[in-house]
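fold the following, please.
(one chain, ligands or ions: 2)
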Amino acid sequence: MEQTKQSTSLKKIASQFANGSKVVAVDPLGNGNINSTYLVTLSPTTSPGRFVLQRINQQVFRRPELVIQNMSVLCEHLKASGHTLERQWETERQWETERQWETERRWETERRWETPRILPTAQGQNFWRDETGEYWRAISFIENSQVFETIESLEHAREVGTGLAMFHRLISTLPTEKLADTLEGFHITPTYLARYAQVLAEREGQGISLTANLTAEQTAQVNYCLAFVAQRREWAHVLEVAKEAGHLPLRPIHGDPKVNNIMLGTDGKAVSLIDLDTLKPGLVHYDIGDCLRSGCNPLGEETHDWQAVTFDTERAKAMLEGYLSLAKDFLTEQDYRYLYDAIRLIAFELGLRFFTDYLAGNVYFKVNDPDHNLRRSLVQFKLTESIEAQADALKAIIEALKIAEEPT
Ligand code: GN1
Ligand code: MG
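Ligands and ions are numbered 1, 2, ... in the order given. Predicted coordinates for the structure are as follows:
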């Protein structure tokens, strides 16, 4: 009954963006930890027949309209800079000119590339607010492509790296001032450390031990996490110190380029970076680190077998090769210098974010059970440990790639 009610209202919401077409189905899409995402199917005579519908989590994104605005800024930028080479007009149904369907194709690299776009409501608005104040938006669906949860081969790893570089190149000419800071402190590790200290202090203030009511196994896990963070507290400022020192510049970034946000076409080539919620100014190092912590963990970030988690340097090499094949032009000597730290840091940072959320009572990331965030943090900390254990090998890979990519 509940389900029927929910899907009826989802259909009603989806129809705001359907421009008069009949909404046939609204199905959950992907497994995001923050927003709720659906795939909307329109009646078979409609083209394109599908789009993505998303409810923006206002607990996380306090100003959802800015998240949407950033995406529109990107669309405008791509259009203005001529990266929308192929225009497919929706003449059949005589949609307004703003509802043109565009794809970025064969831009410089002779590869198909598409960037998801905001689809307006019939009133021309970029979002729709329901009666409870929730923000909903519609985004174009990238057809003829596939999402993967984990890396399937070294070629896949290479394509994931190439896709990230493709996106970085496309947005590199977008002035950062044009992008709003939609999530203050995002990927600023010292901010996460401060929040962690605050949560620990609050728990202490309640006078209840962190391990009260836990099993012996859970107690050992919590103690492992506490010690893990304590041992890396000082080093965790590394990228922010480099930024402050002027070694690393602010650039537009994706913010969340994990494996399942980099879509591959039917030919196995990267075709799109989706999930543009965290498009904002930042360091490309956050993106590179996030992409590698996600792609080089063969067991995936949701595994229960956290003790077996390792970082695969072969995949890292392939991903970096792919990345540098398109991004070498805009990487400086300093950028290379911080690559290893970035890979180590973003894995650590995500572990810290999950662990803090576990201690805070799971208020940020969606969870399936109360220990979910604890398990996720153990996975990221084990991954960090494996990165640290292979530091020399990873640094040698980066150095060799740097030399290979240097202009002769
Ligand atoms: C969150 O919701 P999702 O899955 O797109 C998070 C990312 C994390 C990721 C870990 C805004 O992304 O930073 O890396 O979970 N997004 C936000 O899976 O915090
Ligand atoms: Mg995301």
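
around ligand 2, pick out the residues from this protein.
Residues of the chain lying near ligand 2 by CB under 5 Å from the ion: 256, 275. Glycine gets a C-beta too; all of them are placed from N, C-alpha and C.

quick check: which helices or strands does the strand or helix carrying residue 194 pack against?
Using DSSP states H and E, residue 194 sits in helix 189-205. Counting contacts by 3 or more CB pairs under 8 Å, 6 or more residues apart in numbering; DSSP states H and E, helix 189-205 is packed against helix 238-244, helix 339-359.

if we go to 10 Å?
helix 216-232, helix 238-244, helix 339-359 (3 or more CB pairs under 10 Å, 6 or more residues apart in numbering; DSSP states H and E).

for this structure, give me the ranges with low pLDDT.
1-8, 82-110, 407-408 (pLDDT under 70).

right, and ligand 2 sits closest to which residue of it?
Per CB to the ion, residue 256 is where the chain lies closest to ligand 2, at 3.7 Å.

please name the nearest non-neighbouring residue to that residue.
Spatial nearest neighbour of residue 256, excluding adjacent residues (CB to CB, 6 or more residues apart in numbering): residue 278 at 4.8 Å.

for the helix or strand encompassing residue 288, packing partners?
Remark: residue 288 resides in helix 284-295, with elements defined by DSSP H and E. Applying 3+ CB pairs under 10 Å, 6+ apart, one finds that helix 284-295 makes contact with helix 154-171, helix 238-244, strand 251-253, strand 262-265, helix 313-327, helix 333-337, helix 339-359, helix 372-389.

next, the angle from it to helix 189-205.
Angle, helix 284-295 to helix 189-205, by axes from the mean of the first three to the mean of the last three CA atoms, to 10 degrees: 70 degrees.

just the CA trace of helix 284-295, in CSV.
Extracted in CSV, the C-alpha atoms of helix 284-295 (Å, rounded to 0.1, in the frame of the first residue of the first chain):
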residue,chain,number,x,y,z
VAL,A,284,42.2,18.1,-8.6
HIS,A,285,44.1,16.0,-6.0
TYR,A,286,40.8,15.4,-4.2
ASP,A,287,39.4,13.9,-7.4
ILE,A,288,42.4,11.8,-8.3
GLY,A,289,42.6,10.5,-4.7
ASP,A,290,38.9,9.7,-4.6
CYS,A,291,39.0,8.0,-8.0
LEU,A,292,41.9,5.8,-7.0
ARG,A,293,40.6,4.9,-3.5
SER,A,294,37.4,3.8,-5.2
GLY,A,295,38.9,2.0,-8.3
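
was I right about residue 396 contacting residue 313?
Yes: counting by CB atoms under 10 Å, residue 396 sits close enough to residue 313 to count as a contact (9.5 Å).

which of the two has more residues huddled nearby?
Neighbour tally, residue 396 and residue 313, criterion other CB atoms under 10 Å: the higher count belongs to residue 313, 17 against 13.

the more buried one against residue 394, yeah?
Yes: using CB under 10 Å, residue 313 and residue 394 qualify as a contacting pair, with a distance of 5.9 Å.

any common contacting residues for those two?
292, 296, 387 (CB atoms under 10 Å, 6 or more residues apart in numbering).

quick one: contacts for the second one?
When the contact criterion is CB under 10 Å, 6+ apart, the partners of residue 296 are 151, 157, 259, 310-319, 343, 347, 383, 386-387, 394.

show me the contacts for the most centrally placed residue in the chain.
When CA atoms, centre = their mean is applied to the chain, the residue found nearest the centroid is residue 256 (1.7 Å). Going by CB under 10 Å, 6+ apart, residue 256 touches 32-34, 186-187, 273-279, 286-287, 290-291, 294.

7 Å - rerun?
The neighbours of residue 256, taking CB atoms under 7 Å, 6 or more residues apart in numbering as the test, are 275, 278, 290.

where does it sit, in terms of helix or strand?
Residue 256 belongs to no helix or strand, assigned by DSSP H and E.

I'd like to know how far it sits from residue 81.
Between residue 256 and residue 81 the computed distance is 23 Å (CB to CB, to the nearest Å).

which bits of the protein sit near ligand 1?
Taking CB under 6 Å from any ligand atom as the criterion, the chain approaches ligand 1 at residues 32-34, 60, 183, 256, 258, 275, 277-278, 290, 301, 350.

how about TSV for those, with secondary structure and distance to residue 113 added?
Converted to TSV, those look like this (DSSP: H, G, I helix; E, B strand; the rest coil; distance: CB to CB, whole Å):
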residue	secondary structure	distance to residue 113
32	coil	23
33	coil	26
34	coil	25
60	coil	28
183	coil	26
256	coil	18
258	coil	19
275	coil	16
277	helix	20
278	helix	20
290	helix	20
301	coil	26
350	helix	27
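
how about those residues, which pair is most distant?
183 and 301 (19.4 Å; CB to CB).

who's more crowded, these two?
residue 301 (23 against 19).

just the strands in the stretch 1-150 of the chain please.
Taking DSSP state E, counting those that start in this stretch, the strands of the stretch 1-150 of the chain run over residues 23-28, 36-42, 50-56, 86-88, 101-105, 112-113, 118-119, 128-129, 135-140, 145-146.

for the residue lying farthest from the centre of the chain, give me phi and psi.
Residue distances from the centre of the chain (CA atoms, centre = their mean) peak at residue 207, which lies 37.0 Å from the mean C-alpha position. Main-chain dihedrals, residue 207, degrees, to the nearest 10: phi 70, psi 20.

contacts only, for it.
Contacts of residue 207 (CB under 7 Å, 6+ apart): none.

ok, residue 52 next?
29, 37, 39, 138-139, 141.

closest one to residue 65 among the strands of the stretch 1-150 of the chain?
Nearest to residue 65, of all the strands of the stretch 1-150 of the chain, is strand 135-140, at 7.3 Å by CB to CB.

parallel or antiparallel, list what pairs with the closest one.
Using DSSP bridges, strand 135-140 pairs in its sheet with strand 50-56 (antiparallel), strand 118-119 (antiparallel), strand 128-129 (antiparallel).
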